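> need a structure here:
(one chain, ligands or ions: 2)
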Amino acid sequence: MKVYSLGGYEEVGRNMTALEVKNKVLILDLGIRLDRVMIGEDTNIQNMSTKELDRLGAVPDITPLKGKEIVGIVISHGHLDHIGAISRFVGKFKCPVVGRPYPLRLLSSMLKEETTPVKCPMFEMHDSSIVIGDFEISMIPVTHSIPQSSFVIINTCEGNVVFTGDYKLDNHQELQRPISFSKLKKLDPKLLIIDSTNVIQEGITPSEKVAKTLLTDYLKMIEDSRNGIVATTFSSQIERVFTIINQAEKMGRKPVLLGKSLCKYYGLALEMGLVKKNVQMIRKREAINAYLKDVNNNKKDYLVLTTGSQGEKEAVLSRMVDDKTPYKFENRDSVIFSASVIPNPLNKASRYTLETKLKMKNTSVVRDLHVSGHASKEEHRKIIRTLSPEIVMPCHGYPDMLISMADLCYEEGYDLNDQVIVQRNGQSFQIG
Ligand SMILES: [Zn+2]
Ligand SMILES: [Zn+2]
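Ligands and ions are numbered 1, 2, ... in the order given. Now for the predicted structure:
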């Protein structure tokens, strides 16, 4: 078996790994790196050529797969750094995409939004496995920060592979049960490809329940407020959105979701029955403006959830703070950031600008009512011990993150010469 590290091995973003068995290639995730394209104003990815995106380092360089037969793309979950580049390559590869229903539905909507809509066969994964070429694929659901994330298990005649995708070991999520350790114990993989984003963090990542407690405690603290409350989080963080909606109702305020991506992710989760609570959702700019006029006159009646947790220029929150909507921020309004800043210079700068503008309007800025979706060191240790793979390949991170994962493997008794493979983008290696 040959293993290709194509993207996400020198950055957080544009994830892509591939396995080759008997001259057939299976791709694991195919994502985009957005901070490389959002630097310009009015960037519209749909209008950019794949060549241009490649030049910017926004999509993986697929040159090492040239001339090979691609039999399928498997997606671990629906975040853009895992599915955002599929629309650019699936036409060329002419292969099916395999994944669980929620990420596949997100992908379908992305494919439709392309300037030239793209089509490809999609196989929905449920409890049973699926065979493509020499690869038998199955999935084990795991907790992360978007519904229906999974470990991907690939059985081949040349050994078995476990690809974690992004994960954390959370025992208290409402939308996803903890991963099944009894299933993991049966796997006996030759190779483990493991998310390394937060391995540098000691201990364990706090549960989603902690974010819920932080949010509900803060909202209780201001429940007597007659001023504006605006909250923002990652649009795909459905469980968090759900928490905020519930708490708004308990406070006697009407929750409302403003912004295209927030409505898209929540609307789809609602349509698929992943969440049950219907709520007012407004996508279009003019309608948002009209609604915010009413909110501005009756601030005490609403809790507004907006896009723009990263300070993105065209997101609803940035437009509100720039007075491009009828909403006027004022003293005693609260703005809640239930999201971290994705650690790249662009996001850090945009978020800083946004927060500064809010503070200049004397608004209370409440940050970090948030927990990460990525496992910390002890959770990774638990996975490595449970699976006891022959070889570990760290993925999903800058080189320092991948090396920290190698350090952990060394602590667990792995030989750094031939049992831990730290790769860069574009490299490959042979096992078995
Ligand atoms: Zn990711
Ligand atoms: Zn993710």
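> got the CA positions of stretch 264-279 in PDB?
The C-alpha coordinates for stretch 264-279 follow below in PDB (Å, rounded to 0.1, in the frame of the first residue of the first chain):
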ATOM      1  CA  LYS A 264     -27.800  26.800   5.600                       C
ATOM      2  CA  TYR A 265     -26.100  24.600   8.200                       C
ATOM      3  CA  TYR A 266     -29.000  24.800  10.800                       C
ATOM      4  CA  GLY A 267     -31.700  24.600   8.100                       C
ATOM      5  CA  LEU A 268     -30.200  21.400   6.800                       C
ATOM      6  CA  ALA A 269     -29.800  19.900  10.300                       C
ATOM      7  CA  LEU A 270     -33.500  20.700  10.900                       C
ATOM      8  CA  GLU A 271     -34.600  19.300   7.500                       C
ATOM      9  CA  MET A 272     -32.800  16.100   8.300                       C
ATOM     10  CA  GLY A 273     -34.200  15.800  11.800                       C
ATOM     11  CA  LEU A 274     -30.900  16.200  13.600                       C
ATOM     12  CA  VAL A 275     -32.400  19.100  15.500                       C
ATOM     13  CA  LYS A 276     -36.100  19.500  16.100                       C
ATOM     14  CA  LYS A 277     -36.600  23.200  17.000                       C
ATOM     15  CA  ASN A 278     -37.700  25.400  14.200                       C
ATOM     16  CA  VAL A 279     -36.600  29.000  14.400                       C
END
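> does that stretch reach ligand 2?
No: figure legend: stretch 264-279 not in contact with ligand 2 (C-beta under 5 Å from the ion); closest approach 12.8 Å. All C-beta atoms are positioned from the backbone trio N, CA, C, and that covers glycine.
> residues contacting the residue of the stretch 301-432 of the chain found nearest ligand 1?
Residue of the stretch 301-432 of the chain nearest ligand 1, by C-beta to the ion: residue 396 (5.7 Å). By C-beta atoms under 8 Å, 6 or more residues apart in numbering, the residues touching residue 396 are 8, 12, 15, 166, 195, 196, 197.
> which residue in those residues has the weakest pLDDT?
Across the contacts of residue 396, no position has a lower pLDDT than residue 12, which has 91.
> run a quick neighbour tally on that residue.
Residue 12: 20 surrounding residues under other C-beta atoms under 10 Å.
> ligand 1 versus that one, what's the distance?
Here residue 12 is placed at a distance of 7 Å from ligand 1 (C-beta to the ion, to the nearest Å).
> any idea which helix or strand carries residue 242?
helix 238-250 (DSSP states H and E).
> by contact count, what packs against that helix?
Secondary-structure packing of helix 238-250 (3 or more C-beta pairs under 8 Å, 6 or more residues apart in numbering; DSSP states H and E): helix 208-221, strand 254-258, helix 260-271, strand 302-306.
> what about that helix and ligand 2, touching?
No: among the residues of helix 238-250, none lie within reach of ligand 2 under C-beta under 5 Å from the ion; the closest is 12.8 Å away.
> and the chain, what are its domains?
2-204+373-430, 208-366 (automatic domain parsing).
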